[in-house]
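A.B. asks: Show me how the following folds:
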Amino acid sequence: MSYVRLVVREADQDWSGTLHGSTADRVIAALSADPVTLSELQTAVGRYEKPVAAGSCQWNLKRGFCDEPYDTGIVLIDLIGRVVCVDSCYSAPGPSGDVKYHDGIAATVVSLYYHLAEDWKFIYDIESWHFATDKRRDEKIKAGPLDVRKVLYGRPMIEFIARQQFSARVVGLDVAESINKIHVEWLMTSREDLRGMTPREAAIQQHEHVSHDLQQQQNRWARLEECPPDVADSSHAFLYGSFGTHEWVEYYELVRELLWSCQEQLRGMNHASDAFMVGDFLTTEVPRLEFVREKWLDTPDLEFHGRTPRSIIDRERHRLPEAVSGHEAIVDPDCPCCRAMAELPGPVFWHLDGCNMDDDFAFSIYHRTYEEWEQEQREWEQWSRESSVEPPDSKLGF
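C.D. replies: Next comes the predicted model:
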C-alpha cells in the first residue's frame, strides 16, 4: 500500500493520520516555506502538488498525537522544534532533495527541488524522537518569534542614525566618512532587542536558505509555466523570515537615504541651533526621518519597471521570484540577443546583486565571518591583477 503515519505538531495542537508515502515526501519538501501551522503547511504543499479542490490540500488528519507506525512506517514533523523523524521503508528524504510534481491526478515526470533551512534537524529512528525534539521545542516556544524588522526599520534604527549623525557633526567628521562609518556601526553593533545579535546577523541569518528557496520557485515556474503559490501576509515566514538578497540591497539603499537626509538636515541648521542638545534634535528629526522612510519605500523606481522598493521587498518575503516578459527585459532593442530573448516563451527572471554597495564586510550578504570575506578580497585582488577584463557593474541583472 505504501502508506505511512503522519504526525504534525504545532505549538499547541498535534495532528495524526495516514497518507501515501509520496505525499509525505511532498509534505517534507513543503517545509521549505517555513510553516509553523498545519494550515501554512498544507498551503505550502501546493508548491509540489495541485490541490484536488480549491484551497489547501486535504489530508486524512485528526487532532491528537499517535506515534504508532502504519504500513511502511511513520513520519513525524515538529513545526516549532523544527525536527523531522522519518522511520519508513518507503523513503528517507533529507533537508534537500527533489519530489515528483503531482498534477491532482497522478505524479508526473517533473522533478521539483527543495531546500530546507539549515536549523531543521532530521532523524531516522523513532526511538530518538522525543530526545531530539522536546528541548528544542520548549526553547522555541519560550523564546517566541523575533520581529527583526521592527528594529531594523523602526525607531531603533531611526534614532541611531539621528543620534550618530548629530555626534558626527559635533566632532566635525568628513561627510562621506561619517555616512559609511555610521552605517557600519549600525549593522555591526550587538543589541539586546535583537537577542544579542547585530542587525546584520539578525537580518541575514537564513539568507542562504531564502536564496535557495527562491531559486527553486523560479525553477518551478519555468518548468510548470505557472507562478508558484506564495506565503501569506499573516504567515510566520512573511512576518519573521530572514532577509533575502533583494531586501538586503533595498535596505542598504534605504539606510543610505536616511543618512544623507539627516546629514542635509544638520547642514541646514543655523548657528543658533548649535546650542541644541541631541535630545532636542531627536524630537523633530526622528518623526521627519520616519516620513522620509515611508516616502522612499513607496516611490516608484523606473529602473525596476516602476516598482516601489516596498513591493520588491514584499514580493521576496512572499517567496515569489521577480519576473517580467521577454519584451520588458530588453535592454537594447538593437541587440540580437535581446530580440531573441523577447521571443522566448515564459517569463524572464531578474535579480538584484548589491554591486553598488560599499566594499565592506558589514554589507556583504554571502559571508558569515570576516575571515571568509577577507579571503575573498585577497582572491579578488589577485584576479584583478591577472585579468584585464573589468568585472560587471550592473545594478539589475537578468
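A.B. asks: C-alpha from now on. contacts and neighbour counts both.
C.D. replies: Will do.
A.B. asks: on contacts alone, who are the packing partners of the helix or strand hosting residue 218?
C.D. replies: Per DSSP states H and E, residue 218 falls inside helix 207-224. Under the contact definition 3 or more CA pairs under 8 Å, 6 or more residues apart in numbering; DSSP states H and E, helix 207-224 sits against strand 107-115.
A.B. asks: So in that sheet, which strands flank the strand it packs on, and in what orientation?
C.D. replies: Using DSSP bridges, strand 107-115 pairs in its sheet with strand 96-102 (antiparallel).
A.B. asks: centre of the chain versus the strand it pairs with, how much separation?
C.D. replies: Distance of strand 96-102 from its chain centroid, counting by CA atoms, centre = their mean, to the nearest Å, is 22 Å.
A.B. asks: now stretch 226-238
C.D. replies: 12 Å.
A.B. asks: Show me the contact partners of that stretch.
C.D. replies: For stretch 226-238, contacts defined as CA atoms under 8 Å, 6 or more residues apart in numbering pick out 33-36, 40, 43-44, 46-47, 217, 220-221, 239, 317-320.
A.B. asks: same thing but at 6 Å, please
C.D. replies: Residues outside stretch 226-238 that contact it (CA atoms under 6 Å, 6 or more residues apart in numbering) are 34, 47, 221, 317-319.
A.B. asks: Just the C-alpha atoms of the helix holding residue 218, please, in PDB.
C.D. replies: Below are the C-alpha coordinates for helix 207-224, written out as PDB (Å, rounded to 0.1, in the frame of the first residue of the first chain):
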ATOM      1  CA  HIS A 207      19.800  34.300   3.800                       C
ATOM      2  CA  GLU A 208      21.200  31.200   2.100                       C
ATOM      3  CA  HIS A 209      18.000  29.300   2.700                       C
ATOM      4  CA  VAL A 210      15.800  32.100   1.300                       C
ATOM      5  CA  SER A 211      18.000  32.300  -1.800                       C
ATOM      6  CA  HIS A 212      17.800  28.600  -2.400                       C
ATOM      7  CA  ASP A 213      14.000  28.600  -1.900                       C
ATOM      8  CA  LEU A 214      13.500  31.500  -4.300                       C
ATOM      9  CA  GLN A 215      15.700  29.700  -6.900                       C
ATOM     10  CA  GLN A 216      13.600  26.500  -6.600                       C
ATOM     11  CA  GLN A 217      10.400  28.500  -7.000                       C
ATOM     12  CA  GLN A 218      11.900  30.200 -10.100                       C
ATOM     13  CA  ASN A 219      12.700  26.700 -11.500                       C
ATOM     14  CA  ARG A 220       9.200  25.500 -10.700                       C
ATOM     15  CA  TRP A 221       7.700  28.500 -12.500                       C
ATOM     16  CA  ALA A 222       9.900  27.800 -15.600                       C
ATOM     17  CA  ARG A 223       9.100  24.000 -15.600                       C
ATOM     18  CA  LEU A 224       5.400  24.200 -14.900                       C
END
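A.B. asks: Report the inter-axis angle for it versus strand 107-115.
C.D. replies: 160 degrees (axes from the mean of the first three to the mean of the last three CA atoms, to 10 degrees).
A.B. asks: immediately after helix 207-224, which helix or strand?
C.D. replies: helix 236-240.
A.B. asks: ok, residues contacting the helix or strand hosting residue 295?
C.D. replies: Under the criterion of DSSP H and E, residue 295 resides in helix 278-297. For helix 278-297, the surrounding residues in contact (CA under 6 Å, 6+ apart) are 309-310.
A.B. asks: So for that helix, mean pLDDT?
C.D. replies: Averaged across helix 278-297, pLDDT comes to 95.
A.B. asks: can you give me how far the helix holding residue 218 is from the chain middle?
C.D. replies: Distance, centroid of helix 207-224 to centroid of chain: 12 Å (CA atoms, centre = their mean).
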